[in-house]
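Undergrad: Return atomic coordinates for the entry below.
(chains A, B, C and D)
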Number of protein chains: 2
Amino acid sequence: MEPNITIEDVAKLAGVSRATAGRVVGGYGNVSAKSREKVMKAVQELDYRPNLVAQGLRGQSTKTIAVILGSIKNNYCNKLIYAVEKEAQKYGYNVIVCNTHEDIAQEVGHLQNMYGRHVDGVILMSACKSGDELKEQHRDLYQGKTPIVFVDRRIKGLDSRVIQSNNAEASYQAAKYLLELGHRNIAVLATDEYSTVNERIKGYKRALGEYGIEFRSQNLAFAPHNDKEKIRQVTATILDAEERATALYVLNNSLCIGVLMELKERHMSVPEDLSLLVWDDEELNELLEITTVVQPIEEIGKVAVQDLMRQKENIADPEGEKREVLDASIVFRQSCKAYEKC
Amino acid sequence: MEPNITIEDVAKLAGVSRATAGRVVGGYGNVSAKSREKVMKAVQELDYRPNLVAQGLRGQSTKTIAVILGSIKNNYCNKLIYAVEKEAQKYGYNVIVCNTHEDIAQEVGHLQNMYGRHVDGVILMSACKSGDELKEQHRDLYQGKTPIVFVDRRIKGLDSRVIQSNNAEASYQAAKYLLELGHRNIAVLATDEYSTVNERIKGYKRALGEYGIEFRSQNLAFAPHNDKEKIRQVTATILDAEERATALYVLNNSLCIGVLMELKERHMSVPEDLSLLVWDDEELNELLEITTVVQPIEEIGKVAVQDLMRQKENIADPEGEKREVLDASIVFRQSCKAYEKC
DNA sequence: TTGAAAGCGCTAACAT
DNA sequence: ATGTTAGCGCTTTCAA
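TA: All right, here's what the predicted structure looks like:
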């Protein structure tokens, strides 16, 4: 196993000191044209590449960003990783991905580990449910000296920067659309209570209120995102309700497939037997022409990275608050039908 | 900005030397019970966490694995990342994800960068097309001292360890299934030519051969995986052929949605108007009851990590070759119908 | 402009 | 059992 080529080797071959070689390679300080040339040649010849670990130890930056999220397999997370990697690349950063499996203990472990790695920033889609209070002993993990950006989910008791869609407003618009179509009995299906889901529910309630309709708790059901059987059961309960809803508003795409399977088994058609409106786009939605609230996920990932860069450079960001909330939009397709009262 | 807590601080507080503190924290060497206790207490008190960058520089390992692949957003890659992260976690490793966008130049750049980071291993789903010859100047990137495992795609001119499905055999089985159903005119749709696709085509041809059917080149079409319009066009060409195929065999799931959209526009039903068989499972396939060749992706990711660990530890692996190829299986659903000759 | 040398935080060889 | 010290490869003062 041949040893690694270091700046020392380059210096030797070029006939200069380590410092001078380093200056050329690193592109800092002053070097004479002659030295520069000799060093460049040596670099070429040896195919020298700086050791980023040593740079990381010595310097201020490891050129690394951590993305910590609930489930890599989830479509939303997936697109987020894609966007983050792409944007980080532009700044010469690499991305470490950590999966919490929606478990806070694991999230805490990852955070500690990432700080041990001295990552330059953390992008966190926290597993904290909206009820969870931040434990005091963990506060510095969520609010320390390492730049951190929260994506999507807000943590109670922490007023950090959160990049997310305008959940409440977009949800209000979506619900209003259903109401305008004449629906008065709109069931809502959501995953466990995260802050985003709560905001979407708020938007839904506001729309109801505007139409003078009282919110009925039996019209709000929760299901875990990774349990298809349970999703179907919950869907079944909704469909079997005394006064069956005429529209189903699904707040998380991961629930969609379970809903569709239950509908299929019952030979129910969309939108003939039930209007359907879903959050987050997937290819499936396009194929089945499901009206969808589309979040600007890739934009969220991009902005998150940019935000970290800004925090790192300590650049003031007066526009920051404006960029915190990005607009989701509704793609109207064929899954919602006007409902005529009898 | 308070300075980081180092082993020095721990040593001081515990009233021992750095070395002793290190021994306790690192869990190596001999320490007296009394010292151990003092150090442990200091660690607790200071909430000390070792600097992994320094460990990486000093030691043999950065506890990092790189996954380099064509497209994070792709469902297959996505599951692979999931599996790799999960398995790496077990060994205390973290995962850096790099996206090549199926571009060799970027792949090369990522490899160089990852070696600069001194990752302990690389899992590579190469962007090399099956025609591409490995450039000699890049050989050491693909076959250097850092453990590397190829997933799925083989690189011409390189006899490294490749973890993949039994593409040829599973494809043979799939084609045979269609032939047994009576289909004699089976169109194949695939993405650009990667080694996996080639092997699947081989399996298809072998099945044809067994049934005494000659392969017709117009029954083999290629489409790029990320261009829905193009996929639809190519599908259209297949459907508009003089003697229209009675079955369509799609070798990559990413093409599936385009095919389905084209079928939908034509009001063609599966399997009534066309039998459909697809590689790689997605939720969509289950919902639409599409018969599918399912690859053990998560197993592939897991085995890839284990292989890296073995390479790193230099553990002989007599069973290795057996584990190189993992069995894909066919999930029979409702998308293939017996074809009766007139 | 250049070189010598310190030091980032850790581990491990060596000495006590 | 414990402490001293060198050194991983780099950047960055400080002198020359």
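Undergrad: How about stretch A:104-116 and chain B, touching?
TA: Yes - on the criterion CB under 8 Å from any CB of the partner chain, stretch A:104-116 is in touch with chain B at A:112-113, A:115-116. Where you see a C-beta, it was placed from the backbone N, CA and C, and this is true even at glycine.
Undergrad: To clarify, my last question referred to stretch A:218-227.
TA: No - on the criterion CB under 8 Å from any CB, stretch A:218-227 is out of touch with chain B, staying 11.9 Å away.
Undergrad: Only alpha carbons, please: show that stretch as PDB.
TA: Presented in PDB, the C-alpha positions along stretch A:218-227 are these (Å, rounded to 0.1, in the frame of the first residue of the first chain):
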ATOM      1  CA  GLN A 218     -65.300  12.600  13.100                       C
ATOM      2  CA  ASN A 219     -64.300  14.200   9.900                       C
ATOM      3  CA  LEU A 220     -60.700  14.200  11.000                       C
ATOM      4  CA  ALA A 221     -58.800  11.000  11.000                       C
ATOM      5  CA  PHE A 222     -55.100  10.100  11.500                       C
ATOM      6  CA  ALA A 223     -53.100   7.200  10.200                       C
ATOM      7  CA  PRO A 224     -49.400   6.200  10.400                       C
ATOM      8  CA  HIS A 225     -47.700   6.800   7.100                       C
ATOM      9  CA  ASN A 226     -46.000   3.500   6.900                       C
ATOM     10  CA  ASP A 227     -48.800   1.100   7.600                       C
END
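Undergrad: Would you mind listing what in the stretch 101-250 of chain A touches chain B?
TA: Taking CB under 8 Å from any CB as the contact definition, the stretch 101-250 of chain A meets chain B at A:112-113, A:115-118, A:145.
Undergrad: Among those, name the ones in strands.
TA: Of the positions in these, not one sits in strands, assigned by DSSP state E.
Undergrad: which of these sit farthest apart?
TA: Every pair in those was compared (CB to CB); the two farthest apart turn out to be A:113 and A:145, at 16.4 Å.
Undergrad: Under a three-state scheme, what state does the closest residue to residue A:333 other than its chain neighbours occupy?
TA: Nearest in space to residue A:333, with sequence neighbours left out and distances taken as CB to CB, 6 or more residues apart in numbering or on different chains, is residue A:289 at 4.2 Å. Here residue A:289 is recorded as coil under DSSP: H, G, I helix; E, B strand; the rest coil.
Undergrad: Residue A:289 contacts residue A:332, correct?
TA: No - look at residue A:289 against residue A:332 with CB atoms under 8 Å: they stay out of range, at 9.8 Å.
Undergrad: Which one's more surrounded, the two?
TA: residue A:289 (16 against 12; other CB atoms under 10 Å in any protein chain shown).
Undergrad: quick one: contacts for that one?
TA: A:333-335 (CB atoms under 8 Å, 6 or more residues apart in numbering or on different chains).
Undergrad: What separation do you get for it and residue B:254?
TA: 20 Å (CB to CB, to the nearest Å).
Undergrad: cool, and residue A:52?
TA: From residue A:52 to residue B:254 the distance is 33 Å (CB to CB).
Undergrad: again with residue A:34
TA: 54 Å.
Undergrad: So between these two, which is more surrounded?
TA: Between residue A:34 and residue B:254, counted using other CB under 10 Å, the more crowded position is residue B:254 (23 against 9).
Undergrad: Would you mark the buried spots in stretch A:190-201?
TA: Neighbour-count burial for stretch A:190-201, counted by 16 or more other CB atoms under 10 Å in any protein chain shown, picks out A:190-191, A:194-201.
Undergrad: Return the distance of it from the chain's centre.
TA: How far stretch A:190-201 lies from its chain's middle: 15 Å, per CA atoms, centre = their mean, to the nearest Å.
Undergrad: show me where the stretch 51-200 of chain A has strands.
TA: A:64-69, A:94-99, A:121-124, A:148-151, A:162-165, A:186-190 (DSSP state E, counting those that start in this stretch).
Undergrad: of those, which approaches DNA strand C most closely?
TA: Closest approach to DNA strand C among the strands of the stretch 51-200 of chain A is made by strand A:64-69 (16.0 Å; CB to the nearest atom of the strand).
Undergrad: Describe which strands the closest one pairs with in its sheet and in which direction.
TA: Here strand A:64-69 is paired, per DSSP bridges, with strand A:94-99 (parallel), strand A:121-124 (parallel).
Undergrad: Quick one: name the residues of the stretch 51-200 of chain A near DNA strand C.
TA: A:54, A:57-58 (CB under 7 Å from any atom of the strand).
Undergrad: Go again with 6 Å.
TA: A:57-58 (CB under 6 Å from any atom of the strand).
Undergrad: Okay, domains of chain A per the record?
TA: A:7-50, A:64-165+A:297-326, A:167-295 (automatic domain parsing).
Undergrad: any chance of those domains in CSV, with distance to residue B:30 and mean pLDDT too?
TA: Converted to CSV, the domains of chain A look like this (distance: least, CB to CB, whole Å; pLDDT from 0 to 100):
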stretch, distance to residue B:30, mean pLDDT
domain A:7-50, 35, 94
domain A:64-165+A:297-326, 25, 92
domain A:167-295, 47, 96
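Undergrad: just so I know, which of these lies nearest residue B:266?
TA: Using CB to CB, the nearest of these to residue B:266 is domain A:167-295, at 13.9 Å.
Undergrad: Run through the residues that contact residue A:165.
TA: Residue A:165 touches A:152, A:196, A:295-296, A:300, A:325-328, counting by CB under 8 Å, 6+ apart.
Undergrad: just those residues now: which is nearest DNA strand D?
TA: Minimum distance to DNA strand D across these is 32.4 Å, recorded for residue A:300 (CB to the nearest atom of the strand).
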